[in-house]
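**Q** give me the fold of what follows.
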Amino acid sequence: MTRLSVNINKIATLRNARGGNTPNVLKAAIDCQRFGAEGITVHPRPDERHIRYQDVYDIKPIITTEFNIEGYPSESFIQLVLSASPDQVTLVPDPPSALTSSAGWDTMKNIEFLKKVVATFKERGIRTSIFVDPNPEMVKYAADTKTDRIELYTEPYATHFNDNQNKAIEPFVIAAEVAKEVGLGLNAGHDLSLENLRFFADNIPNLLEVSIGHALIADALYFGLENTIQMYLNQIR
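**A** Residues are numbered from 1 along each chain as shown. Predicted structure coming up:
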């Protein structure tokens, strides 16, 4: 069964825009889990423009499902993850200035670096996932790092979904099949929404987890957070 992990970065973005503690990020994490989310995802960036490093420490004790921390594995990020000890860490190749994730790792070019980082986390019992494009070669090299999972970068699927659904999803189906062949667990995320999630989940084999933030939090403005989470869960059941 595919799990839904809610990325609460956008809650923190709204809080930071005004200062103070409204909306409350911890309450949002608690509520998301109470309303049915099966995981909480955060992506702390060096400039702390949304989730702050302190948020990570504050959120960890209230997690009753799974805690996923994603980010670029700089030295400060690695130390944060080791200190917080989440259930999963997702490695993304974003430079510090990136507005949002825009590509997966070149796992061939960065193989030695990723091997070292993955080993560091796995020594502490933290499940690792590497953010990759739906490219069979990148999936195969990801397996060589000894990571537990990959997360498929789904923005290209979302962009072309309305043009041709079958064509948009084809490379992701192939990548998922390769992931199974090389023994990798499979996650997915970025620009998945109520519009395109069901078709993705129905057609991608062995999909363990989707991580969704921007679209889900935006939908919650219209439908309410509890109702929205149930709507997303209905797309993957």
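
**Q** so after the longest helix seen in the chain, what's the next helix or strand?
**A** In the chain, assigned by DSSP state H, the helix with the most residues is helix 165-181. Next helix or strand after helix 165-181 toward the C-terminus (DSSP states H and E): strand 185-189.

**Q** in whichever helix or strand comes after that following strand, what's buried?
**A** Downstream of strand 185-189, the first helix or strand assigned by DSSP H and E is helix 197-203. The neighbour-count check on helix 197-203 (16 or more other Cβ atoms under 10 Å) flags 197, 199-201 as buried. Every C-beta, even on glycine, is put in place using the N, C-alpha and C of the backbone.

**Q** show me what helix 197-203 is packed against.
**A** Judged by 3 or more Cβ pairs under 8 Å, 6 or more residues apart in numbering; DSSP states H and E, helix 197-203 is in contact with helix 165-181, strand 207-212, helix 225-236.

**Q** CA atoms of stretch 110-125 as PDB?
**A** In PDB, the C-alpha atoms belonging to stretch 110-125 read as follows (Å, rounded to 0.1, in the frame of the first residue of the first chain):
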ATOM      1  CA  ASN A 110      28.300  11.600  -7.900                       C
ATOM      2  CA  ILE A 111      28.600   7.900  -7.100                       C
ATOM      3  CA  GLU A 112      31.500   8.100  -4.700                       C
ATOM      4  CA  PHE A 113      30.000  11.100  -2.800                       C
ATOM      5  CA  LEU A 114      26.600   9.400  -2.500                       C
ATOM      6  CA  LYS A 115      28.100   6.100  -1.400                       C
ATOM      7  CA  LYS A 116      29.800   7.900   1.500                       C
ATOM      8  CA  VAL A 117      26.700   9.800   2.600                       C
ATOM      9  CA  VAL A 118      24.500   6.800   2.300                       C
ATOM     10  CA  ALA A 119      26.900   4.800   4.500                       C
ATOM     11  CA  THR A 120      27.000   7.500   7.100                       C
ATOM     12  CA  PHE A 121      23.200   7.400   7.500                       C
ATOM     13  CA  LYS A 122      22.800   3.700   7.300                       C
ATOM     14  CA  GLU A 123      25.400   3.200  10.000                       C
ATOM     15  CA  ARG A 124      22.900   5.000  12.300                       C
ATOM     16  CA  GLY A 125      20.000   3.000  11.100                       C
END
